[in-house]
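K.L.:
This is the structure alone, sequence omitted:
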């Protein structure tokens with residue numbers, strides 16, 4: 001029964017990749033990015049704001065850290081995904097999202113001084129090779145002439161930003177409840193998105209884009225983080241993180257069935273190689289330069 005929590009969270013996030021793609025052309029990326037967090041904050045406020053007000057003196061010293069986390073996890077990560085959806089498929093978005101655990105491990109080595117492992121090295125090389133194969137459409141040599149597309153660069157930046165978000169969350173260990181932390185980060189993220197929102201020509205809501213905003217603001221921003229945290233508490237961060245590897249598969253199935261996106265061989269080859277690399281980085285904990293293996297636990301946070 002405990003496995004249903006992370007599985008439900010991953011399913012919600014996989015569907016959100018489809019929502020990203022559907023939003024392209026239906027609503028401006030700046031508009032849905034802002035509306036998403038505004039709606040999430042509106043829902044959370046009655047339950048969380050009273051506690052935030054009572055504990056404001058203990059929260060204040062960490063405001064700048066919460067601001068940075070809000071920028072990385074709420075403002076930058078998702079808004080880039082909305083912009084990327086104009087030029088890449090939902091299936092490709094799902095594959096890039098699946099790289100977040102690997103990027104988290106790599107950034108942990110640099111920032112948290114986590115000892116590198118054989119799995120990280122092999123997994124990193126495999127995932128990079130798979131990503132190159134995917135981006136190039138099965139023709140790596142072609143990248144030299146055509147280069148990397150804007151959508152792919154945006155999603156790589158978005159995935160890196162969220163991986164950095166997870167690493168900084170672990171390093172700073174801000175002494176707040178999960179919901180208070182998410183609430184304040186969401187508020188900062190919304191405020192950072194406000195200028196772009198105000199400069200956007202069309203911020204109108206209609207019958208076509210309201211369902212997209214509702215899904216992004218409620219299931220993806222409120223329900224998924226809640227069930228994910230429940231899964232981590234019941235299973236542990238290491239086991240729960242493995243469910244993230246299902247993201248590209250679930251996204252691909254939904255995109256093919258409902259969006260009728262074509263599944264090419266380079267999607268299968270590149271996505272599979274990248275996924276194997278992520279799993280190796282998560283599970284192969286043989287330290288480099290040491291004779292005895294040392295088991296470590298990688299915590300990956302996501303919403």
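P.N.:
Structure's in. What do you need? A quick note: this is a predicted structure, and the numbers were derived from the prediction, not measured.
K.L.:
and residue 133, how many neighbours?
P.N.:
Applying other Cβ atoms under 10 Å, we find 21 residues neighbouring residue 133. Using the backbone N, CA and C atoms, a C-beta is placed for each residue, glycine as well.
K.L.:
Could you measure from it over to residue 208?
P.N.:
35 Å (Cβ to Cβ, to the nearest Å).
K.L.:
Then residue 15?
P.N.:
For residue 15, the distance to residue 208 (Cβ to Cβ) stands at 17 Å.
K.L.:
Which one's more surrounded, the two?
P.N.:
More neighbours surround residue 15 than the other of residue 15 and residue 208, with 19 against 12 (other Cβ under 10 Å).
K.L.:
The stretch 1-150 of the chain: strands as residue ranges?
P.N.:
Along the stretch 1-150 of the chain, no segments are classed as strands by DSSP state E, counting those that start in this stretch.
K.L.:
residues touching the spatially closest residue to residue 74 that is not a sequence neighbour, list them.
P.N.:
Of all residues not flanking residue 74 in the chain, residue 189 sits nearest, at 2.6 Å (Cβ to Cβ, 6 or more residues apart in numbering). Contacts for residue 189 (Cβ atoms under 8 Å, 6 or more residues apart in numbering) come out as 37, 70, 71, 73, 74, 75.
K.L.:
Of these, which is the nearest to residue 99?
P.N.:
Checking the contacts of residue 189 against residue 99 by Cβ to Cβ gives residue 73 as the nearest, at 16.0 Å.
K.L.:
show me where pLDDT drops low in this structure?
P.N.:
Within the chain, the stretches with pLDDT under 70 are 142-147, 237-238, 289-303.
K.L.:
tell me, which helix in it spans the most residues?
P.N.:
Counting residues, the longest helix found in the chain (DSSP state H) is helix 29-54.
K.L.:
buried sites along it?
P.N.:
29-41, 44, 48, 52 (16 or more other Cβ atoms under 10 Å).
K.L.:
for that helix, the distance to its chain's centre please.
P.N.:
From the chain centre to the centre of helix 29-54 is a distance of 19 Å (Cα atoms, centre = their mean, to the nearest Å).
K.L.:
what does stretch 50-57 give?
P.N.:
Relative to its chain's centre, stretch 50-57 lies at 28 Å (Cα atoms, centre = their mean).
K.L.:
List the contacts of residue 105.
P.N.:
Residue 105 touches 114, 120, 123, 281, 282, 298, counting by Cβ under 8 Å, 6+ apart.
K.L.:
Now, of those residues, which are buried?
P.N.:
Using 16+ other Cβ under 10 Å as the burial test, the contacts of residue 105 include 114, 120, 123, 281, 282, 298 as buried.
K.L.:
surely the second one meets residue 283?
P.N.:
No - with contact taken as Cβ atoms under 8 Å, residue 120 and residue 283 are classed as non-touching, separated by 10.9 Å.
K.L.:
For residue 266, state which of the contacts of residue 105 is nearest.
P.N.:
Nearest member of the contacts of residue 105 to residue 266, counting by Cβ to Cβ, is residue 123, at 20.2 Å.
K.L.:
surely that closest one meets residue 277?
P.N.:
Yes - if you go by Cβ under 8 Å, residue 123 and residue 277 touch, sitting 4.1 Å apart.
K.L.:
any residues in contact with both of the two?
P.N.:
With Cβ under 8 Å, 6+ apart, residue 123 and residue 277 have common neighbours residue 102.
K.L.:
Roughly how far does residue 53 sit from residue 60?
P.N.:
12 Å.
K.L.:
What of residue 197?
P.N.:
Applying Cβ to Cβ to residue 197 and residue 60 gives a distance of 27 Å.
K.L.:
and what of residue 13?
P.N.:
With Cβ to Cβ as the criterion, residue 13 and residue 60 are 32 Å apart.
K.L.:
So which of those two has more stuff around it?
P.N.:
For residue 13 and residue 60, the more surrounded residue by other Cβ under 10 Å is residue 13, and the numbers stand at 23 against 9.
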